[in-house]
Structures are given as structure tokens and as C-alpha cells.
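Novice: 3D model of this:
(4 chains)
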Protein chains: 4
Amino acid sequence: MAAVLEQIGQAVNPAGVGSVRTAVAGVSGYAGAELARLLLAHPRLQQEAPLFLGRMDASSSAGAQSLYEMHPQLARHDGARSPEVVPFTWEQLQDRGTEVLFLALPHEQSREWVPEAVARGMRVIDLSGAWRLHDPANEAVYRLHDADRDKAASLQVGAVYGCPELHRSAIESATLVANPGCYATSIILALAPLIQAVLLDLDRGIIADAKSGVSGAGKAPTPKTHFMYAADNLSAYGVFGHRHTGELLEQLGLTADQIQFTPHLLPIPRGILSTIYARLAQPVAIAEIERVLRSFYTDSPMVRVRRAGDLPQIAHVARTNYCDIGFEVSPDGKRLVLVSCLDNLLKGAAGQAVQNLNVMCGWSESEGLL
Amino acid sequence: MAAVLEQIGQAVNPAGVGSVRTAVAGVSGYAGAELARLLLAHPRLQQEAPLFLGRMDASSSAGAQSLYEMHPQLARHDGARSPEVVPFTWEQLQDRGTEVLFLALPHEQSREWVPEAVARGMRVIDLSGAWRLHDPANEAVYRLHDADRDKAASLQVGAVYGCPELHRSAIESATLVANPGCYATSIILALAPLIQAVLLDLDRGIIADAKSGVSGAGKAPTPKTHFMYAADNLSAYGVFGHRHTGELLEQLGLTADQIQFTPHLLPIPRGILSTIYARLAQPVAIAEIERVLRSFYTDSPMVRVRRAGDLPQIAHVARTNYCDIGFEVSPDGKRLVLVSCLDNLLKGAAGQAVQNLNVMCGWSESEGLL
Amino acid sequence: MAAVLEQIGQAVNPAGVGSVRTAVAGVSGYAGAELARLLLAHPRLQQEAPLFLGRMDASSSAGAQSLYEMHPQLARHDGARSPEVVPFTWEQLQDRGTEVLFLALPHEQSREWVPEAVARGMRVIDLSGAWRLHDPANEAVYRLHDADRDKAASLQVGAVYGCPELHRSAIESATLVANPGCYATSIILALAPLIQAVLLDLDRGIIADAKSGVSGAGKAPTPKTHFMYAADNLSAYGVFGHRHTGELLEQLGLTADQIQFTPHLLPIPRGILSTIYARLAQPVAIAEIERVLRSFYTDSPMVRVRRAGDLPQIAHVARTNYCDIGFEVSPDGKRLVLVSCLDNLLKGAAGQAVQNLNVMCGWSESEGLL
Amino acid sequence: MAAVLEQIGQAVNPAGVGSVRTAVAGVSGYAGAELARLLLAHPRLQQEAPLFLGRMDASSSAGAQSLYEMHPQLARHDGARSPEVVPFTWEQLQDRGTEVLFLALPHEQSREWVPEAVARGMRVIDLSGAWRLHDPANEAVYRLHDADRDKAASLQVGAVYGCPELHRSAIESATLVANPGCYATSIILALAPLIQAVLLDLDRGIIADAKSGVSGAGKAPTPKTHFMYAADNLSAYGVFGHRHTGELLEQLGLTADQIQFTPHLLPIPRGILSTIYARLAQPVAIAEIERVLRSFYTDSPMVRVRRAGDLPQIAHVARTNYCDIGFEVSPDGKRLVLVSCLDNLLKGAAGQAVQNLNVMCGWSESEGLL
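Specialist: Residues are numbered from 1 along each chain as shown, chains lettered A, B, ... in the order given. Reported below is the predicted structural model:
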């Protein structure tokens, strides 16, 4: 639990009331589409729809696009009144008085735009990996090339890891929220309470064997996202080298020798199941483990702790913003298996981003998410 | 949150406002689970949750069950406060003052219970096929054995086919609404406007080649719902003999020689796509076809008409209550292909049932469905 | 049945014995991989393995690749002894004394290479659409740009449509075999016997509603082959305009007004099911329809005719070279539904190509295919 | 490596030539169908087809069934000449002079029939779990109720665990071969060479996180084999209690504390991928690990060892009899991840059974399996 909890900036809605002016850059991808869907239906944002922005690139010269044509599943009956997706410009953001900007873009792009957005007074919820890590390893992991390294470094120090279950109060007042990785969220939420309660023998090592649906690989057509590659298949990847590992270490306060994380590509559209193996530091009653988990998440509406032996499945969480956590203990009481499930596009991306918005604005944490 | 939740009425729907006391019999199946999900989140039903009833059989002696344990995906954070699923008894329904009863049960059961429910003053939305057909063929198709044939026949005469797009005003005041079949809904909604506008050459015959996900086959484990049977497969079934054919004939005013319907089992959980082939009675401008469709559905919020050549797909409607309708015309202007998509558990079952509830109560037709 | 049955060239193996020297250009795709698998295991080709050729392009400068690394599923225990995939050169083909050349390449490439291959004395089995059509529509459909139009036209006249069930004797002596399209094969094999027997009322029109797995869309990663696009989905495409339509018209002797073909993209890796709707010219005994089908295919080992009412499914033919044909007749005896299934990569591509090789060499038609 | 290698009986084909008379009891299930397919195509069994037997139960009174109707994918062109599946009787087996009997039946049935079959002089390859374990735990795991406990116990002592890669010479002369479990095969083949070479720190514990396709759950329609349960889902089951654990302990010579095995249900028809986590006893060169694996399997044609870092996937082994093994070592050289893949119906069941037949008969081990 070595997470840094710096706080900067001022809460947009300290009183927990009213609406905010939001914008989303990057609505063409899977997380972006979910974000658009959630924000358009969010009870607090009915007065003023979010501003949807495309990428600031050559293609943007084409002008505005219809959100409904981009994502036909989002359309309403009267298709003509679709929100527009406009090319990204700072002027648009400024003119609309944007208070909270969501970025669902590659991390290089985020690294370039976030300093400008913050300088212009916006609060930012960034869905990329650009700002999640606080130690310098970040630069190596994400191969960052900041225009102004000092400015970027200072922003990074103040960035809050956007896991409300761990950093709720820091998020409330944060200027820059780094929305967590999907795999990382599933593993961190399962382990944090038990590590905090000192129930695990960390030196015996933790194994997190995680499996994710294909949407986690993004919308770009590649050999590995081809239907013929993923269907009827299962493959491990990123063994000993996945980028989410750093989040696990920083957020759980572990060393690289204490946890090993292996992702797999599942032949399903969405959902993550992480099977986590740990040794108990000493014999513990099963009821005590359940109590520790429940107690940790008493005030966290988006985590559902299951009873001992009642393991969650991906189907229980798909298309919800919940993270479900279940566990079993070996008959000899020495070993623990945790199973943690979430939807990688919701609690693992867009849903958690909206949850962070709710916390930042002082609204009910699950508003627009149930 | 601009939603206004006025509460007035005591009668079911005279003023078209207020809440009603609802009950659902048969929440264990797929349509039942969707119905539970929709009703629990329905803005008009927040004062009083629906009463959930199981089957009136031996197993019901076990007493109440937790809805959340039955359907873990529906659970809220605080799992202990699950709605209960209680054994079916008329006393429970009466004590709760049930005004609208949803039945998601086999048609034989519906045929037995509906007369009793109506006699006790409830309005009924029945999701089975028991009451959909008005001509005596019903008995042959569904092999009905009514205790009181005269009473059943008179009820059947008054039953309204619950397709709001066709029978909105009759549904408003109906006592018994027969919720349409999933395949039938997709085909009827595509054809009704064009038949009404006399654009089709019915004597050349209409072919409706329909494909449905596995949830349409129900929750009972059978050889044909086994994963190994359905996965990586496609099969036609019920050729020249599917039970939904009668609904097509009655609702579209066609003879058996004028339309042929063949269903197929798709290896997906949910969704129907119907490809419908028809001959145009005479050359028609493409724009005119689109105009006829749009005009017919101007005030129908749950139908989305696509532009000519922009065909809908199952992914556009899955987990929504929309029916999407698209079309193409052959270069010689003689032939028409319609593609109609919907989610068989929503617009094809539970969603349409809630849409009917909205119409019966005078609420906005899409309330709780967007 | 207006198919042109010209014959040119000389049979490589007039006596129907011995081996031949084969080569495959284009082994990197799905059909190419299946072709490699079938040829490597073919009993007649154990003396000399096929020559595997990549594309003649920039990437070929990289030199030879291992077939096993390209397609790990084909590897043998001793991975080191993989066949090589060498860059395409005419010298290689000539040096190896190639007698039969398989081309599994884009049709533009085929159009360029086939004249050269034939000029060098090879017999060619081409899996693209380049040489399938005999009327000039070919150029429009495939946008061909031949270097020597006269030569290409004369080659095209002599090309034999490689459907052994229809053109066995022409294939025996053909120099250029145009391997049929996958959809076309499934529809032609179902209809040819009945059209030949004059059982159908062609003027009432035939509808072929076909559904194919994703491998039919090729290996290139595109938005439509992305797992997220295809999974849990079904979509129609190419309505009134699919390229295989021409094959149906030419091979079945139909006019464009007599048959309509609509393909759909199924969320499965492989397999095609075509549901075909036709009107019977006059009442026919069900047994007579079955007799006509069985009689037509008596000597065709790769077609399995099902009994009336016993419809085939994709799972029955996946990973086989069979085409399964079943049917049902309406109670009034006026309408016929045919269901035809095959594996698009085998009977619809590589398997049929090997079947053509067998016929060309005078071997048993199903050799290496059961 | 504490496996018991007793040998009893005489080799049917000591000279490694000729055919044998085989019979298969239990062809209706998935493994049975694969066994029928493999045996019907086996080069050594073309003189005399296997005898196919159904279950000895009430339904068998129906008399013989057609194998092709039972499994349409196995049919040949001339469907009328299907092999028959006859009711099980000892007379039939005796009359046909059955030399090798395959049992693909529930373990209780196997426990009842195997003593009789052996008494009648047949050699048995049993695909159930009935005879795999040598210590008394067997009775607890499989809840066995033997009619003659002493006889059963003595048979069990002589039963050979049918993993040819470990027990080739014992299988050659075995009377009763207990075909291994599918999960167990994938894990044992990955670990056996490294444990034998004393490369692993067993006291740090081994984790085997395994994932299997749905065919592993059998053909009986149950809530968990329903398409709607398995599709788009992943679930862990049998944590700390799966029946294959005993095979791992006995065959690898491990204690229950040294290895933990967790199976998961994948939404695919067939295939297993096991991700295995171990600690290296001391730093080892990556090349040495690869050398140990390759050396162990030099003469094992059905195992393919991958190069370091080149991990196998289920798609590489589906519908083959191969077990593919790959691995990666952590940068600090302390940890090892092995990935082992096979097809649960082939190398995990029917294919391995045929491999055992080949070994028992002195034929090439991969005959009929490539």
C-alpha cells in the first residue's frame, strides 16, 4: 500500500450538486463508445450533453461526424438528432466551458494533451496508461517523450490513481485522475484488503493468472484481433512483461518478486477473470477472510464480495460496473484462491471513469452506473 | 436529474400517471430475469418493488429464494437485501393488491392461470404463446386443454396482441395482453407498413429467413441447447411448421401460401435477424419505401428505421429494446430485401412486455427501456 | 445447365497412376494452409512434397520461411524439418518440374500468372475468382486488367469450372481449372439436379439465403474480420451484388431474375449453410425429389444426400470435404426448402481443389479427403 | 516419478504387424465419437472394422442403431452402409473374437465391466477415471463400490497409467490401460521432464491454472453445459478438489502441498491450455530447460516442444493428437512459466487411447494419428 495520495486542484462541485460540462476525446474506440453511452444517460448530465471530440489528425478535416452512425447501437428512435463528434480543438473545449475532460486515447497523445488541458483549467480523467505510475519506470514502460519533462513530472506526481475504492478522498479533489488498467483493477481490488490486513505471506509469492476478452486489445484490426485468431482459442501473452504489472506493484506495495501476473486472451467480447493464488501468513478462519473483504468494501457500492466458496464468473459482471470478488481456502488452511471478475470496458475503463467523475463531483459514487 | 416522478393515481391507469403494483410469475427463466432487471430499475416502480413469484409446484415448498442468488448478475452491492422469490399463491397476489401480473411461464400454465387472474381483477401481460392467436388454430398449435372452454374462448377474443406499434390504443385499455413471439415481432414490424401501403405483390410470396440466438430456446438443458450442439454451428428447424407462423398470418392478414418462415439457431446468446424477401407490386422509388417505413413508425420510439442500403445487424440491437429495420431494392426495382433485427429477450419478450405495461398505464412508451 | 464444357490440354496422368509434382503459391492464407495440410498428407504425394511458394513481393526478399512457423498447427514432432516456403520465381517451378500449380492468391495476381504458367506447360488449379466466369461480365465483376486481353480471353474460354460433380470429364483433361466459389458450390450442388430434372418453377424465383463463417472473409485484418465485429453478431452483406452470383447464373443456366442470393456473416470460424427456397413446377412425391438428388450424386463421393426432413447442419460438414444436402416440402406440395452445408475452406476451397487434382490425375476422387 | 510400472499379460502383436479385433463400448459420447472416427480410418484396422457397442441398459432394447445417424459428421457418401452400434453383450464381444476393448463409459460402469473383460481374455483401454489411481484414495475420489474388492484391487495394481511418454514399455504388455485424464495429461507432460531433471524447487509450490473447452464436461445436457451458461463466460470450478489432482500427485511424485490445480470452463468446444507456475531450484540457462524438454521427448512423436518464448495456443493443437509445450523464464532466472496445450478429446482422451493401442500392438506410436 505505497500508493501516493497527493491532491491538487479544487473540486468542481464541492457541494455535491448540479451538473458539470464534460467532454470526451476519443469516442471512436470501445471504451469511448461506452463512455458516450454512460454519459448520455447519466442523470446529472441531462441538462447539457457531453462534447464529443475525435482525434486531432488529418481525418478530422472531414468535419463533424454523427455519433449514431459511428456507433449504431447508441442511436435513438429519431436518428437525425444524433450528437456530433467534432474534430478536436482547444477552442471548442474552451468555448463550451469544459470542466471535466475524459481522454480515451493512446498514452502518447494523452501525455501531449493533458498538460495543456490542465493549464487551461480543466480537470482530466485519463483512460490511458500515461499517468498511472509514479516511479520513473513509467518512462521505460510507456516510452514517453515529453515536450517539457519537468512539467510532466510534476503533473505525474499529482496524478491520482483513479481507483475510488482505494483513493476516494484524493480523487474528490484531484485535477488529474489516471484511470486504472483493467487487469490491474481486478487484481488490486481482490488483494488490497488482505494485504492491508496482513493476512498473506507475501514472500511465498502471489500468482495472478488473468484472462480477458478481446475488447481489451482495442479496436484496431490486427492479426491478433482477427476473429480467426481469437475464436475457439486461448493464448497467454506478455508473460513476465505486461505493462499493468507496475500498477500492481505501486498500488499494492509489492516487489517484483512478490507477484507474478500473466494475461491470457479469451475468445469472448468482454470481461476479465483473474484467478489469484496466495499463501496465508498463518491459519485464518474462512469467516475472517470474508469479514476482512466485506469490511474493506462496506462503503464501496461497485464491489460485490461473494460468500466463501461462491466464486464469481464473467457472466455475472459483464455489462455492469461491478467487480465481484470470491475466494476459497485449501483444506489445510494454508492456501487461498481468489477469483475477481469485472467488465474490462466498464469497471476496467469507461465505468470506472464515470465512477471517478461521480467522486470528483461529490455525487453518489454509483450514479448512472446501476 | 430532470426526471419528474409524479405520484398520484390509485387506479391502474386512468390519468396515465402514478405507479402500479406489479408481480412477475416465472422469474427463473431468461425472459423472467430480464423482466426482473427492467422492473427493478423502472422509474415508475421505485416506490414498491414487483412481487416475484416462482412456480406453484413441489419445489416451491422450499419457501422463498433470493432473487440475487438465482441471478447473480442482478445483485446489488449489499447482497443481503435481495428481493425474494416466493412460491406462487393467489393469496400473495391479492394481499399485495397486484394490479398488473406478468406471466413468463409455459403456455399450458398460462392457460390455466390467466382466467383466475382476470377473475380476481388483475390485468395480465402474458409472455407465452397461449393467447396470441384469435382463430381456433390456437388449440391445434398449442395443444390447449382448457378447464372451461367457453370462458377461455371469450378471454381469447378479448386478448390484445401486444405489439404497441400496431395495437397501441387497444393495449391501453386491455385486460389481457398477449406479448408477441420474438420471431413474429421482427417480421411483423418489417412488413406491416409495406403491406398496409399495398407496396408488395403478396401473390409472389414472401420469404422470411430468420435466425435467432440460443436464449430463444429457453433455459431447460436439452441436447439442442448444449454448448457443443450450438457452438460453431448453424441449423434450420421448424421448416414449414414453426408456431410463430400463425401470428404472422393473423397480424399481417396473409394466407399460408403468401408467406414462408424458416427459423435457424445461431451460435450466439441473444438476438434475431430476419432477412425478408418480397416482390414489389410495381416499381417504387427507394425514397418512397423509406418514407412509408418512417411514417408508420413516427410515433413509435422503439423502432429505428435505417436509411436505404444501411442494413442493421444483431450487434446494433442486442441488449436494447429496439427493433431496427433496413432494406435494399434490386437494381431492376422489382425485388425488396428487408432486414429486421431485435433482441429476442427484450423487444422479443421482456422489453416488449414492459413497453406494454407503459402503454397500459399511460406512461411514456419507452420509459425504463432506454 | 448452359455451362461450357470445353476441354483443352493433356492429362498429366492419363493412366491414373503414380505421383505428380505439385506446387502451391499462396500458402499463408486460410485456404493455402488447408491446401498444404491436405497435400502433405495425400497418399499419392508422399514421394515428393509439394513446393510451397510465397508471394512475389518485397517481403519475399526475406528468403525462405518455415511452413511450420507460419502455421504451427501443421508442425510435426521434429519441428526442425519443416518444409520451406520460398519466394515465388518461375525458375523454382521449372527446376522442380512442376506439373500442377495451385494458386491461392488474389484474382488480379492469378490473372497475371496463369497465362505464364500455362505457357510453361503447367496445369493450373486456381482458387481465386479470376477464371470462373465465361461471359464478359467477368471483367466487370473482377475489374480485370489483362496485359494481353486476347490471350486471357482464349484462356478463359478453355478454363473449366472445377466442380467435379458437374464437369468431371472436362476436368480430367483440363489445363486450367477454376475452383468454384464457396457460396456458389453450396447452392449449385443443391439446385443442379432439380433444375436438370425440370422439377422447379424457375419463373417464381429462387431465393438462396446463405450464411458463412468468418474464414470466408480472408486473413487480412479488417474492421469486419475483427473479433468484436463478428462475435455475437450476424449481418447480411452484398445484397443484390455478391460476386458469386455470376457463377450461379452460368452454372445453373438461370437469369438474374430467377435467383436471388444473399450472404450473411456468421460468428463461427468456418462453414456455410445455404437455405434455398423454390417453387415446385408441379406436385412431386417427396420420394421422387430424394431419388433425383441421390441419382445425380450416385458416383460423387463428396456429396451426401440426406433423407427428406433430415436437414444437415454446419457441424456435420465442418472440417470435411463433404457437401450435405437435405430438403423439406411444404404440406401443400408446392414449395421446397433445400438446406446445403459445406466447409468453405474445404469443399468450398482447398478440399475441392484437391478433389480436382484427383480427377485431373485419374485418381480416386476422394483420395486424401476422407 | 513414483508411478508403478507393473506389467501383466501378453502383447497381442509382439511382432508389431497385422491387425487386431477391436471393440468400443460407449460410442455415443464425445470421446466415443472421436474414437470411432480414428479407428475407422486407422491404417491397421481396415481389414475388420471395430465392433461398436452401446450401453447395456433399457434403451438398448431398441436394437442396433446406425453409427452415421448417431454422428452424422462421420457418415460416408453412401449413408446406407453405416456401421451398426449394437447393444452391449459379452456374447457379441466373444463371438467377434475381440482382442482389445475400449471403454468410454462412466467410471462406475468401467469398474463393473473391466474385471469381466479381463477374465474373458481381452486387453482393455479404459477412458474413465476408474483405474488411474494406485493408492486407496481412488475409492474416495470415485466412490467405488466393487462387487469383488480383492479382485478389483489386484486389477488396479496391474493397471498401467496410459501415458506412453512416461510408461511406454509397461503399456506394450499391459492388460489394462487406464487412459489418463485430459487436464492431467497436459500438466504431467509439461512437468515430468523438469521434475525428473531436478530443476524445480518443489517446496515453493507449483500452480497449474488450467482451462478447458466444454466437451470436457460431457454430453449430458446440464445447467453448466447449456450454451447460455458457457458462452461469453469463464468460470473456475473444482478449486482444491478436482478429481484429476490424484493423477498429478501419483505420476509426478508430488505431495498435495507441492502442487495446486485449478480448472476453468472455457467458452470453446475443445482444447485445454494449462499455465503452470514453478520456481527454479537454481539459476538455469534457458537453453538448458529447452534441452531437457526436447531430450525427454526425443522419441515421443506426439509431443511438440516449442522454443523458449514461443508459447503454444489451443488453436495449434485443436483436432490434433499433439501436446505442445512452451515456456518462459523470468528475467531474474528464478521463475518458470510453462504453457501446455492439447485437445481434450484427442491427446486428452480418444487420441491417446489410440496411441496406447498402437503401443500395445507394437505399431508406430503415431499411426492413424497424424
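
Novice: Closest residue of chain A to chain C?
Specialist: Nearest residue of chain A to chain C: A:P221, at 3.8 Å (Cβ to the nearest Cβ). Placement of C-beta: from N, CA and C, glycine included.

Novice: Tell me the spatial nearest neighbour of that residue, not counting adjacent residues.
Specialist: Using Cβ to Cβ, 6 or more residues apart in numbering or on different chains and skipping the chain neighbours, the partner closest in space to A:P221 is C:P221 (3.8 Å).

Novice: what does A:D324 give?
Specialist: Using Cβ to Cβ, 6+ apart and skipping residues adjacent in sequence, the residue nearest A:D324 is A:P312, 3.4 Å away.

Novice: residue contacts, the one you found?
Specialist: When contacts are counted by Cβ atoms under 8 Å, 6 or more residues apart in numbering or on different chains, A:P312 is found next to A:L273, A:R304, A:R306, A:D324, A:I325, A:G326, A:V339, A:S340, A:C341, B:P72.

Novice: element containing the residue nearest to A:P221, please.
Specialist: If you go by DSSP states H and E, C:P221 is not part of any helix or strand.

Novice: quick one on the thing from earlier: tell me which of the contacts of A:P312 fall in strands.
Specialist: A:L273, A:R304, A:D324, A:I325, A:G326, A:V339, A:S340, A:C341 (DSSP state E).

Novice: tell me what the longest helix seen in chain A is packed against?
Specialist: Using DSSP state H to define each element, chain A has its longest helix at helix A:182-196. The elements that helix A:182-196 packs onto, with contact taken as 3 or more Cβ pairs under 8 Å, 6 or more residues apart in numbering or on different chains; DSSP states H and E, are helix A:164-172, strand A:206-212, helix A:245-252, strand A:259-265, strand A:272-279, helix A:286-296, strand A:323-329, strand A:335-342.

Novice: now these as a markdown table including distance to D:G129?
Specialist: Formatted as a markdown table, the helices and strands packed on helix A:182-196 follow (distance: least, Cβ to Cβ, whole Å):
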| stretch | distance to D:G129 |
| --- | --- |
| helix A:164-172 | 43 |
| strand A:206-212 | 25 |
| helix A:245-252 | 38 |
| strand A:259-265 | 27 |
| strand A:272-279 | 24 |
| helix A:286-296 | 29 |
| strand A:323-329 | 22 |
| strand A:335-342 | 23 |
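
Novice: now these in a markdown table, with mean neighbour count and mean pLDDT?
Specialist: Formatted as a markdown table, the helices and strands packed on helix A:182-196 follow (neighbours: other Cβ atoms under 10 Å in any protein chain shown; pLDDT from 0 to 100):
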| stretch | mean neighbour count | mean pLDDT |
| --- | --- | --- |
| helix A:164-172 | 20 | 98 |
| strand A:206-212 | 25 | 98 |
| helix A:245-252 | 24 | 95 |
| strand A:259-265 | 23 | 97 |
| strand A:272-279 | 25 | 98 |
| helix A:286-296 | 16 | 97 |
| strand A:323-329 | 25 | 98 |
| strand A:335-342 | 26 | 98 |
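
Novice: tell me the SS of A:W363?
Specialist: Judged by DSSP: H, G, I helix; E, B strand; the rest coil, the three-state class of A:W363 is coil.

Novice: so how far is A:K347 from it?
Specialist: Distance check for A:W363 against A:K347: by Cβ to Cβ, to the nearest Å, it reads 18 Å.

Novice: quick one: A:C323 and A:N344 touch, right?
Specialist: No. A:C323 is not in contact with A:N344 according to Cβ atoms under 8 Å; the separation is 11.0 Å.

Novice: List the residues that contact A:A159.
Specialist: By Cβ under 8 Å, 6+ apart, the neighbours of A:A159 are A:W131, A:R132, A:H134, A:A174, A:L176, A:V177, A:A178.

Novice: Looking at those, which is nearest D:D95?
Specialist: Here the nearest of the contacts of A:A159 to D:D95, counting by Cβ to Cβ, is A:R132; it sits at 72.8 Å.

Novice: Can you tell me which residues in the stretch 201-350 of chain A are near chain B?
Specialist: The interface of the stretch 201-350 of chain A toward chain B, taken as Cβ under 8 Å from any Cβ of the partner chain, is made up of A:232, A:297, A:300-306, A:312-313, A:315-320, A:322, A:324.

Novice: List the contacts of the residue of the stretch 1-150 of chain A found nearest chain D.
Specialist: At 13.1 Å from chain D, A:A140 is the closest residue in the stretch 1-150 of chain A, using Cβ to the nearest Cβ. Going by Cβ under 8 Å, 6+ apart, A:A140 touches no other residue.

Novice: Would you mind identifying the next helix or strand past the helix or strand it falls within?
Specialist: Per DSSP H and E, A:A140 falls inside helix A:137-142. Sequence-wise, the next helix or strand downstream of helix A:137-142 (DSSP H and E) is helix A:149-158.

Novice: Convert that next one to CSV, retaining C-alpha atoms only.
Specialist: The C-alpha coordinates for helix A:149-158 follow below in CSV (Å, rounded to 0.1, in the frame of the first residue of the first chain):
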residue,chain,number,x,y,z
ARG,A,149,9.9,16.8,-18.8
ASP,A,150,9.8,18.9,-15.7
LYS,A,151,6.2,19.9,-16.2
ALA,A,152,5.2,16.4,-17.0
ALA,A,153,7.0,15.0,-13.9
SER,A,154,5.3,17.5,-11.7
LEU,A,155,1.9,16.6,-13.2
GLN,A,156,2.6,13.0,-12.7
VAL,A,157,3.4,13.5,-9.0
GLY,A,158,0.0,15.0,-8.6
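
Novice: what about that helix, average pLDDT?
Specialist: The pLDDT scores in helix A:149-158 average 90.

Novice: what's that helix packed up against?
Specialist: Packing partners of helix A:149-158 (3+ Cβ pairs under 8 Å, 6+ apart): helix A:107-119.

Novice: Give me the angle between the helix it packs on and helix A:149-158.
Specialist: Using axes from the mean of the first three to the mean of the last three Cα atoms, to 10 degrees, the inter-axis angle of helix A:107-119 relative to helix A:149-158 is 80 degrees.

Novice: How many residues are close by A:P269?
Specialist: Look at A:P269: counted by other Cβ atoms under 10 Å in any protein chain shown, it has 23 neighbours.

Novice: Surely it forms part of a strand?
Specialist: No. Assignment of A:P269 by three-state DSSP gives coil, placing it outside any strand.

Novice: check contacts around it.
Specialist: Per Cβ under 8 Å, 6+ apart, neighbours of A:P269: A:G213, A:V214, A:S215, C:F227, C:M228, C:A231, C:D232, D:D232.

Novice: pLDDT score assigned to the fifth one?
Specialist: Which is C:M228. So C:M228 comes in at 98 (pLDDT).

Novice: Would you agree it is in contact with A:P221?
Specialist: No. Applying Cβ under 8 Å as the test, C:M228 and A:P221 come out as separate, 9.6 Å apart.

Novice: Among the two, which residue is more densely surrounded?
Specialist: When C:M228 and A:P221 are compared for neighbours, C:M228 comes out ahead with 22 against 18, by other Cβ under 10 Å.
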